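Asker: Test case, fold it:
(2 chains)
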There are 2 protein chains.
Amino acid sequence: MPNQSPGLDGVFRALADPTRRAVLARLATGPAPVSELAAPFSMALPSFVQHLDVLERCGLVRSRKSGRVRTYRLAPAPLAAAERWVAAQRALWERRLDQLDRYLEATKEETP
Amino acid sequence: MPNQSPGLDGVFRALADPTRRAVLARLATGPAPVSELAAPFSMALPSFVQHLDVLERCGLVRSRKSGRVRTYRLAPAPLAAAERWVAAQRALWERRLDQLDRYLEATKEETP
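Answerer: Below is the predicted model:
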């Protein structure tokens, strides 16, 4: 059952923060090292790295260390799962609105 | 800047729970009173109502009391905002993959 997916819990929780959303938006354009990811934020590096850890634990990003540089890249599958869940609710909602429309049309035709 | 939207913080935080996602999926098919929403869950009613409060505070649902019955309905705008944010990241990501593809094609053509 998709609502029970523990993966979605972590993904949506990770998305509930503007710093983490900004990091994902940056990584959607290509991989980047920690220093570049941290640059736009006036935040102590350990706090920033905690945000990266949250993103990595739920699978939204992956990292690889080469020498002293750790580079992050987006892992798109969890983001796609989140999008599918939201889109599924919209589809249900829109189908309901269509049904309401048809009902109202039918009622209008019956009224003299 | 969409990543800075405090509205999205609350919406994604609300979505990070299987009970709240199940309630939204139910409400996507039409309004329902608390008793009907609570029925599928083996949870004390006050705990369940807290989940409804989280959903209502971030604007994902609205409620109206008529007599002793409080009825909830989905408010689709915040869900649409969340979907737009996720879709925007996917679009960036896919554009990047297209660019990589073109680059690899071009490199292949140059190689004898």
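
Asker: I would like the residues contacting stretch A:58-75, please.
Answerer: Under the criterion C-beta atoms under 8 Å, 6 or more residues apart in numbering or on different chains, residues A:7, A:10-11, A:13-14, A:23-24, A:27-28, A:30-35, A:37, A:52, A:55-56, A:77-79, B:89, B:93 lie in contact with stretch A:58-75. The way it works is simple: take the backbone N, C-alpha and C, and place the C-beta from them, glycine included.

Asker: what's the neighbour count on A:A14?
Answerer: For A:A14, the count of nearby residues is 26 (other C-beta atoms under 10 Å in any protein chain shown).

Asker: Could you count how many residues lie near the closest residue to it other than its chain neighbours?
Answerer: Leaving aside its sequence neighbours, A:A14 sits nearest to A:C58 (C-beta to C-beta, 6 or more residues apart in numbering or on different chains; 4.8 Å). Per other C-beta under 10 Å, the neighbour tally for A:C58 reads 22.

Asker: and if you look at A:V86?
Answerer: As a measure of burial, A:V86 has 23 neighbours, counting by other C-beta under 10 Å.

Asker: quick one: is the lowest-mean-pLDDT helix or strand in chain A near chain B?
Answerer: Least confident helix or strand of chain A, by mean pLDDT, DSSP states H and E, is helix A:76-110 with a mean of 88. Yes - under the criterion of C-beta under 8 Å from any C-beta of the partner chain, chain B is reached by helix A:76-110 at A:76, A:79-80, A:82-83, A:85-90, A:92-93, A:96.

Asker: residue nearest the centroid of chain A?
Answerer: Taking C-alpha atoms, centre = their mean, the centroid of chain A lies closest to A:L79, which sits 4.6 Å from it.

Asker: Isn't that residue up against B:L92?
Answerer: No - applying C-beta atoms under 8 Å as the test, A:L79 and B:L92 come out as separate, 10.7 Å apart.

Asker: Report the contact partners of A:S35.
Answerer: A:V69.

Asker: how far away is it from B:E110?
Answerer: Going from A:S35 to B:E110 by C-beta to C-beta, to the nearest Å gives 33 Å.

Asker: likewise A:E105?
Answerer: 61 Å.

Asker: Which one's more surrounded, those two?
Answerer: A:E105 (10 against 7).

Asker: and A:S63, that's in a helix?
Answerer: No - secondary structure of A:S63 (DSSP: H, G, I helix; E, B strand; the rest coil): strand, not part of a helix.

Asker: how many other residues sit next to it?
Answerer: So A:S63, with other C-beta under 10 Å, has 15 neighbours.

Asker: A:P40 now?
Answerer: There are 11 residues near A:P40, going by other C-beta under 10 Å.

Asker: Looks like it contacts A:T19 (just checking).
Answerer: No - using C-beta under 8 Å, A:P40 is not in contact with A:T19, being 9.3 Å away.

Asker: Remind me which helix or strand A:L37 belongs to.
Answerer: helix A:34-38 (DSSP states H and E).

Asker: How far off centre is that helix?
Answerer: Averaging C-alpha positions (C-alpha atoms, centre = their mean, to the nearest Å) puts helix A:34-38 20 Å from its chain's average.

Asker: what's the answer for stretch A:78-97, then?
Answerer: 13 Å.

Asker: for stretch A:80-98, same thing?
Answerer: 15 Å.

Asker: Can you work out which other helices and strands pack against the helix or strand A:G7 falls within?
Answerer: A:G7 belongs to helix A:6-15 when assigned by DSSP H and E. Taking 3 or more C-beta pairs under 8 Å, 6 or more residues apart in numbering or on different chains; DSSP states H and E as the contact definition, the neighbouring helices and strands of helix A:6-15 are helix A:18-27, helix A:45-57, helix A:76-110, helix B:6-15, helix B:18-27, helix B:76-110.

Asker: Fine by me, thanks again.
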